[in-house]
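S.K.: Sequence plus predicted model, see below.
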Amino acid sequence: MPLHRLYPQGCGGALEDIVSLTPIGAPRQKINVGSLRDKKFRHEPITCLTAYDYSSARLVDEGGVDVVLVGDSLAMTMLGHENTLSVTVDEMLHHVKAARRGIHHALLMADMPYGSYHVGVKETRRNATRFVKEGGAEIVKVEGGERRVPLIREIIDAEIPVAGHIGLTPQSVNRMGGFKVQGKSLSEIENLMRDAVALDALGQGQRAGERAVGPFCEQLLSLLDRHARAGDAQKLVVDLDRDVLLLDAR
């Protein structure tokens, strides 16, 4: 078959006109922190999926997802590490840049990896700025609640939206003794509630709670729902090779 039949003239290397999931010219507004807040006010669900490269980010974006997260989980799913602690800022930026090229409508969120906001305020602001300036991220995510408030405030003062991550925080795997469900004891519940309220008081665009006990999760979401800045979102970690194409032998 002639090549021009397979690759019509004018198509780019990624064959966007052929493999797009959505009709060309379909109206869709760019998602930003403000539009996510509007969805919250309208009680509309907010969707979030992970993507680690151009291809997966483009597919997720064209699927209509609101937020695309380049998570530090790529340390495990893409780079083969045992946990998320080894991935560096430069490695994260490599993947954030690739995802940025595939996204046209969704909000791009980037995880700040372990060590990028643990040294000091100056280093934290510098690293957060790199994710926006070099990587094209529109919001950064950090793990931790009440104890991270001073650092998060510094990032916000640099005009960078921040998403807080509470509950099971993978970067604390050594302190927790493994990836364990949080909110099982009264003290854990009290700590998580304080974390949620502290983050909400900062006026953040989003906060994520991971692996908390079901009844407590409902209580926490009910609390956050009474605050206008809280979001109704579901974040899923998806690796196309492992979860969709089933290429992971493990």
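M.R.: Structure received. All of these numbers come straight from a predicted model, not from anything done at the bench.
S.K.: Is it correct that residue 55 is in contact with residue 99?
M.R.: No. Residue 55 lies out of contact with residue 99 (CB atoms under 8 Å); the separation is 9.6 Å. C-beta coordinates here come from the backbone N, C-alpha and C atoms, glycine included.
S.K.: out of the two, which sits in the more crowded spot?
M.R.: Using other CB atoms under 10 Å, the more surrounded residue of residue 55 and residue 99 is residue 99, with 29 against 15.
S.K.: Show the pLDDT at that one.
M.R.: According to the prediction, residue 99 has pLDDT 97.
S.K.: longest single helix anywhere in this protein?
M.R.: Longest helix of the chain, by residue count under DSSP state H: helix 186-201.
S.K.: need the contact list for residue 109.
M.R.: The contact partners of residue 109, taken as CB atoms under 8 Å, 6 or more residues apart in numbering, are 48, 67, 68, 69, 70, 137, 138, 139, 140, 141, 163, 206.
S.K.: closest to residue 88 among the residues you listed?
M.R.: Distance to residue 88, by CB to CB, is smallest for residue 70 among those, at 13.7 Å.
S.K.: residue boundaries of the strands in this structure?
M.R.: 46-50, 67-70, 107-111, 139-143, 162-167, 206-210, 233-236 (DSSP state E).
S.K.: mind putting the ones you listed in JSON lines, distance to residue 200 included?
M.R.: Putting these into JSON lines (distance: least, CB to CB, whole Å) gives the following:
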{"stretch": "strand 46-50", "distance to residue 200": "16"}
{"stretch": "strand 67-70", "distance to residue 200": "18"}
{"stretch": "strand 107-111", "distance to residue 200": "18"}
{"stretch": "strand 139-143", "distance to residue 200": "15"}
{"stretch": "strand 162-167", "distance to residue 200": "9"}
{"stretch": "strand 206-210", "distance to residue 200": "7"}
{"stretch": "strand 233-236", "distance to residue 200": "14"}
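S.K.: winner for burial among those strands?
M.R.: strand 67-70 (a mean of 28; mean count of other CB atoms under 10 Å).
S.K.: who touches it?
M.R.: 31, 36, 46-52, 57, 60-61, 92, 95-96, 99, 103, 106-111, 137, 141, 206, 233, 235.
S.K.: what about the closest residue to residue 91 other than its chain neighbours, distance to residue 72?
M.R.: Computed as CB to CB, 6 or more residues apart in numbering, the closest residue to residue 91 that is not its neighbour in sequence is residue 79, at 7.2 Å. Noted for residue 79: a distance of 10 Å to residue 72, by CB to CB, to the nearest Å.
S.K.: Could you name every residue contacting both of the two?
M.R.: Residues touching both residue 79 and residue 72 (CB under 8 Å, 6+ apart): residue 87.
S.K.: Could you check which of the two is surrounded by more residues?
M.R.: A direct count of neighbours by other CB under 10 Å for residue 79 and residue 72 places residue 72 higher, at 27 against 13.
S.K.: Look up phi and psi at that one.
M.R.: phi -70, psi 0 (degrees, to the nearest 10).
S.K.: What's the per-residue pLDDT of it here?
M.R.: Here, the pLDDT recorded for residue 72 equals 93.
S.K.: residue contacts, it?
M.R.: Counting by CB under 8 Å, 6+ apart, residue 72 has contacts 84, 87, 92, 111, 112, 113, 114, 170, 171.
S.K.: Now do the phi/psi pair for the nearest residue to the last one once chain neighbours are set aside.
M.R.: Going back to what we said before, that points to residue 171. Leaving aside its sequence neighbours, residue 171 sits nearest to residue 114 (CB to CB, 6+ apart; 4.4 Å). Residue 114 adopts backbone torsions of phi -60, psi 130, taken as degrees, to the nearest 10.
S.K.: how far away is residue 114 from residue 49?
M.R.: To residue 49, residue 114 is 22 Å away according to CB to CB.
S.K.: low-confidence ranges in the chain?
M.R.: Scanning the chain for pLDDT under 70 picks out the ranges 1-27, 178-185, 203-250.
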